[in-house]
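Enquirer: Output the structure for:
(one chain, ligands or ions: 2)
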Amino acid sequence: MLIAKMNQGKDGDEVGSGESLEGEVTHWAAPHMSAPIYGRLQLPASKSLTGRELILSALADAPGTLHAPLHSRDSDLMVEAMRALGARIEEVPGTGAFGADLRITPTDELTGSTTIECGLAGTVMRFVPPLAALALGPVAFDGDPYARKRPMRPLLEALRALGADISDEGRGALPFTVHGTGTLAGGRVEVDASLSSQFVSALLLAAPRFTNGVHVVHTGEHLPSVPHIEMTLAALRARGVTASSPATGEWLVEPGPIAARNLRLEPDLSNAAPFLSAAVALGGSVTITDWPAETTQVGDQLRTILTAFGATAELSADGALTVSRTGDLTGADLHLPEAGELSPTVVGLAALAGQLGHTSRITGIGHTRHHETNRLEALVAEIRALGGDAHELEDGIEVRPATLHGGVWHSYADHRIATTGALIGLVVAGVEVEDIACTSKTLPQFPELWQALVDGPGAASGGSFSLGGMSAGTTSYLKGF
Ligand SMILES: O=C(O)C1=C[C@@H](OP(=O)(O)O)[C@@H](O)[C@H](O)C1
Ligand SMILES: C=C(OP(=O)(O)O)C(=O)O
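Expert: Ligands and ions are numbered 1, 2, ... in the order given. Below is the predicted model:
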């Protein structure tokens, strides 16, 4: 299934050329089906929740345990960042299906004189610098080559306005060094968060430790990913911090202790997007278990977003979300400023609807040009390379009717571009996804889970449930049908 090829990355692609750690370019033959799909899966924990709870646990007033946390590249980088700043994080026997629980012993005094590796994780490069300002000594930040292109300037300027000393040689991007002095005054600060909500969440998460807390005022015209800011407020409040949004585009966090918690992480609902969309694309139904009845995760919006393509979504009393499609796949006109994270999958569905003669417009996602790659440019290029008719809009993508064919789908080191290629390849024969391994950013089990879904009842291969291609260790999170 995984074919290693040398030097067949996308020309001129600075990262995301599909190079594995060994420098090989890998191509993954996307599983293809020509019958409705049926499956039931459990997914690992949310990247966004795990990252926030690691930070708040490291700043808390006593030790706490994260049950069933995410283990992925982004969460591992966050664990290492918290360790580098002085927290003790131990793996303890897991209570979930996807690896160890994490016991976190916080640190009263954050330690500096260290380096933080951010990889390509927006949450690490944005959420950790405010903590570094509270540490004693310099903290150097860097990441993947493409991470150096992701915007940081509004956050670095806001931190400077709050009293932090940061040297970035005017780059407004990685690499930079935060010269921590052990305290940060805090107070009122303006930030233009139109490129990323993470600038706001970063300031709020560390603010209980600022002398005066923080009053963040957003100055830009647009504010993307608002549910992620609400997630930050909710995570703070659940630990006894006074945190609120007194007006649109303004947030307040009072200084004070952060309570320790033992908590169980929700599954990553955004990572459910390609799996649920498999049923939208092929017909049939896919169920994700342990879907929370109430959540701050934007992935919960899949329940409405996917119905725009002709699917139905039903959340059962025992917390299983089933997405089904029995009628026709339709096109959709969606404005998704809150859900940029879901947009690559949605654009993938739009490309598949284009095969049936439908036009779709997905707007409000201009900020995704600053995600793991320029997602608008990447999606348009890859859909066109397979024969599709996609166009970049000022703040989104329009997909017009066209028939797709097989070919190489480049991932640009972006997990969500890679999974979108897998979704398209499910319907279109002969799609090879370059660098499927980049899904390890938030879901290292993606290829195995995807294969298991294809191998489930209803698969073209015969319909009986099979674990073909899966390692024994993955069986525990596969559910019976
Ligand atoms: O706070 C978070 O955990 C995130 C916020 C969002 O970032 P943007 O506001 O940059 O879109 C989202 O897209 C990202 O995947 C995770
Ligand atoms: C935008 C994303 O990630 P990051 O946290 O790196 O910004 C994403 O996961 O879609």
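Enquirer: got the contact list for the residue in the chain that ligand 2 sits nearest to?
Expert: Across the chain, no residue is closer to ligand 2 than Gly122, which sits at 2.5 Å (C-beta to the nearest ligand atom). In short, each C-beta sits where N, CA and C put it, glycine included. Going by C-beta atoms under 8 Å, 6 or more residues apart in numbering, Gly122 touches 150, 196, 198, 371-372.
Enquirer: cutoff 7 Å now
Expert: Residues counted as contacts of Gly122 (C-beta atoms under 7 Å, 6 or more residues apart in numbering) are 150, 196, 198.
Enquirer: From these, list just the buried residues.
Expert: By neighbour count, with 16 or more other C-beta atoms under 10 Å, the contacts of Gly122 hold 150, 196, 198 as buried.
Enquirer: So the first one versus Arg369, what's the distance?
Expert: Right, Arg150. For Arg150, the distance to Arg369 equals 10 Å [C-beta to C-beta, to the nearest Å].
Enquirer: ok and the residue in the stretch 201-350 of the chain nearest ligand 1?
Expert: Ser225 (3.3 Å).
Enquirer: shouldn't that residue be in contact with Gly340?
Expert: Yes. Counting by C-beta atoms under 7 Å, Ser225 touches Gly340, with 6.0 Å between them.
Enquirer: tell me which parts of the stretch 251-400 of the chain are close to ligand 1?
Expert: Within the stretch 251-400 of the chain, the positions lying close to ligand 1 (C-beta under 6 Å from any ligand atom) are 340-341, 367.
Enquirer: Narrow those to those in strands?
Expert: Assigned to strands by DSSP state E, none of those qualify.
Enquirer: For those residues, please prepare JSON lines with the additional fields distance to Glu190.
Expert: Formatted as JSON lines, these follow (distance: C-beta to C-beta, whole Å):
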{"residue": "Gly340", "distance to Glu190": "23"}
{"residue": "Glu341", "distance to Glu190": "26"}
{"residue": "His367", "distance to Glu190": "19"}
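Enquirer: Quick check on the residues you listed: which are buried?
Expert: For those, a burial check counting by 16+ other C-beta under 10 Å picks out 340-341, 367.
Enquirer: These into TSV, with extra columns for pLDDT?
Expert: Output for these, formatted as TSV (pLDDT from 0 to 100):
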residue	pLDDT
Gly340	97
Glu341	98
His367	98
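Enquirer: Of those, which ones also sit close to ligand 2?
Expert: Answer for these near ligand 2 (C-beta under 6 Å from any ligand atom): Glu341.
Enquirer: got the contact list for the residue lying closest to Thr326 once chain neighbours are set aside?
Expert: In space, and not counting its chain neighbours, Thr326 is closest to Gly283: 6.7 Å by C-beta to C-beta, 6 or more residues apart in numbering. Residues near Gly283 by C-beta under 7 Å, 6+ apart: 36, 325-326.
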